[in-house]
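Peer 1: Fold the stuff below for me.
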Amino acid sequence: MDNNNWNFNNTYTKLPKLFYSKQTPIPVKKPKLILFNNTLATSLGIPFELNAFAGNEIPKGAELISQAYAGHQFGYFTMLGDGRAVLLGEQVTPNGERFDIQLKGSGQTSYSRNGDGRAALGPMLREYIISESMYALGVPTTRSLAVVKTGETVQRQKMLTGAILTRVAASHIRVGTFEYASHYGTKNDVRALADYTIERHFPFIANNENKYINLLREVIKRQALLISKWQLLGFIHGVMNTDNMTICGETIDYGPCAFMDTYHPDTVFSSIDIKGRYAYKNQPNIALWNLGCLAITLLPLLHENESKSVRIAKEEVIKFHNIYENYWLSGMRSKLGLFTESKNDNIFIKEFLDLMQKYEADYTNTFRNLTLNKQNNNPLYFSIKFQNWHNRWQIKLDEQDYSKEEVKMLMQVNNPAIIPRNYEVEKALTAAEKSDLSLIHKLLITLKNPYNYNSIQEEYLISPAQATCNYKTYCGT
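Peer 2: Numbers count the residues shown, from 1 in each chain. Below you'll find the predicted structure:
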């Protein structure tokens, strides 16, 4: 096996041993490549090696581990860990960047909790499609390098085709990793994890007077930016447990996630989110809640006096909403072609969103139509309130010292023409289960350039029929 392009430099195993367990992937019977991300592989400096992506052979320099972590799942704390994933190692790219290379669905681990450690083809293909689409949309995200069929079946509600996904991440350090260190380790373990995280993701604060306060600040900023991007695109993660919140600010774990079609703040896609904890409108508040969990783990490091430490944590975490609102408001202005700020922009934008909700307008297509100065047969466009709002919007645009072309360009680079529509993704996955990959390849090509408005996208712009809107997604475990 040619290992010339693997360039592992593994650092996570320098942490105390409670943070991981040595783990070897369980070989599969008959691996077959389904998808391979050539562009990503080239940027990583990684060669195509089917057996490596199936877990049947180990690349030179790999240091195989599964990571331990805990988390609050739907608000309840529990011990977790990589129950079906093995980290091959940390690949240093030709540009000197560092990325985790992880096999997902590679068999049982020390943290499987009676699970089989395997994954089904559908959810792995779904993660590939959505994560690569998020990357193209400009959202910080883990990425997908390969999907391999295992030649075996996995049992869920029924027997399904087995598969392994190769996931790429800046790291897999989660809020839940800190919760694990705090709950099961010592203050020194929390400090070791915090120091490692700073060195890996925030080296510019390493010499600050209180680097741990600054660590919390940096995570808050990254999460505020990430959630604002989700909200601006109508993306619903579906399971914002603390173990699904990375410290580096990447979207991770594409289980029960989806994009809104009809705009409604209460939209939920996850089959297990009965009470709407992770609904679209709740995502900023859940991020704040999760950051509170992170802050609690850092209390021993923030100040030697406990009461002062608590005060510092509260002061920092409470800043999240203002940071988030600034990111979101700036993004919304750009979606509407507004270069300049006005005092009542927030109210103006909310009026528009309320109209979209009232008339059940498609979220993505409505902003696309504004960008192109188009209308369709949705009742929204015929309402007096929208026409009044639209006139006020035109006045705002005319008052700016920017040309119509500049306004359109600002809107176009902030309003995607295409998203991975739920029903299109499901059609592609259904075909793939029958060994027809043509729809997936076509969809992936179309999703690569979401801000380049072109005729190829036309068939993917159609909103689903109302009968198909009660869409449910599943975690795939």
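Peer 1: quick one, what contacts G122?
Peer 2: By Cβ atoms under 8 Å, 6 or more residues apart in numbering, G122 lies in contact with L160, T161, L429, A432, E433, G476. All C-beta atoms are positioned from the backbone trio N, CA, C, and that covers glycine.
Peer 1: Check what pLDDT the closest residue in space to I419 that isn't next to it in sequence gets.
Peer 2: Leaving aside its sequence neighbours, I419 sits nearest to F259 (Cβ to Cβ, 6 or more residues apart in numbering; 4.6 Å). At F259, the model reports a pLDDT of 96.
Peer 1: isn't W6 right up against P59?
Peer 2: Yes - under the criterion of Cβ atoms under 8 Å, W6 makes contact with P59 at 4.4 Å.
Peer 1: shared neighbours of those two, which are they?
Peer 2: In contact with both W6 and P59: no residue, using Cβ under 8 Å, 6+ apart.
Peer 1: Give the buried subset of the contacts of G122 as a ChimeraX selection command.
Peer 2: A single ChimeraX command is used to select the members of the contacts of G122 judged buried by 16 or more other Cβ atoms under 10 Å:
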select :160,161,429,432,476
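Peer 1: returning to what we had before: surely the residue nearest to I419 meets Y423?
Peer 2: No - proximity of F259 to Y423 does not meet the contact threshold set by Cβ under 8 Å, at 11.1 Å.
Peer 1: The two: which is more packed in?
Peer 2: More crowded of F259 and Y423, by other Cβ atoms under 10 Å: F259, with 23 against 15.
Peer 1: For beta bridges, what are the partners of that one?
Peer 2: F235 (DSSP bridges).
Peer 1: does L193 sit in a helix, a strand or a coil?
Peer 2: helix (DSSP: H, G, I helix; E, B strand; the rest coil).
Peer 1: Below-threshold pLDDT in the protein: ranges please.
Peer 2: Residue ranges of the chain with pLDDT under 70: 1-4, 463-477.
Peer 1: Dump the C-alpha coordinates for the longest helix seen in it into PDB.
Peer 2: When the chain is parsed with DSSP state H, its longest helix is helix 211-233. C-alpha atoms of helix 211-233 as PDB (Å, rounded to 0.1, in the frame of the first residue of the first chain):
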ATOM      1  CA  LYS A 211      -6.300  32.600  28.600                       C
ATOM      2  CA  TYR A 212      -9.200  30.500  29.900                       C
ATOM      3  CA  ILE A 213     -11.500  33.500  30.000                       C
ATOM      4  CA  ASN A 214     -10.400  34.300  26.500                       C
ATOM      5  CA  LEU A 215     -11.000  30.600  25.500                       C
ATOM      6  CA  LEU A 216     -14.600  31.000  26.600                       C
ATOM      7  CA  ARG A 217     -14.900  34.300  24.700                       C
ATOM      8  CA  GLU A 218     -13.500  32.800  21.500                       C
ATOM      9  CA  VAL A 219     -15.900  29.800  21.600                       C
ATOM     10  CA  ILE A 220     -18.800  32.100  22.200                       C
ATOM     11  CA  LYS A 221     -17.900  34.200  19.200                       C
ATOM     12  CA  ARG A 222     -17.500  31.200  16.900                       C
ATOM     13  CA  GLN A 223     -20.800  29.700  18.000                       C
ATOM     14  CA  ALA A 224     -22.600  33.000  17.600                       C
ATOM     15  CA  LEU A 225     -21.300  33.200  14.000                       C
ATOM     16  CA  LEU A 226     -22.100  29.600  13.300                       C
ATOM     17  CA  ILE A 227     -25.700  29.700  14.500                       C
ATOM     18  CA  SER A 228     -26.300  33.000  12.700                       C
ATOM     19  CA  LYS A 229     -25.300  31.300   9.500                       C
ATOM     20  CA  TRP A 230     -27.700  28.400  10.200                       C
ATOM     21  CA  GLN A 231     -30.600  30.900  10.800                       C
ATOM     22  CA  LEU A 232     -29.800  33.000   7.800                       C
ATOM     23  CA  LEU A 233     -30.000  29.900   5.500                       C
END
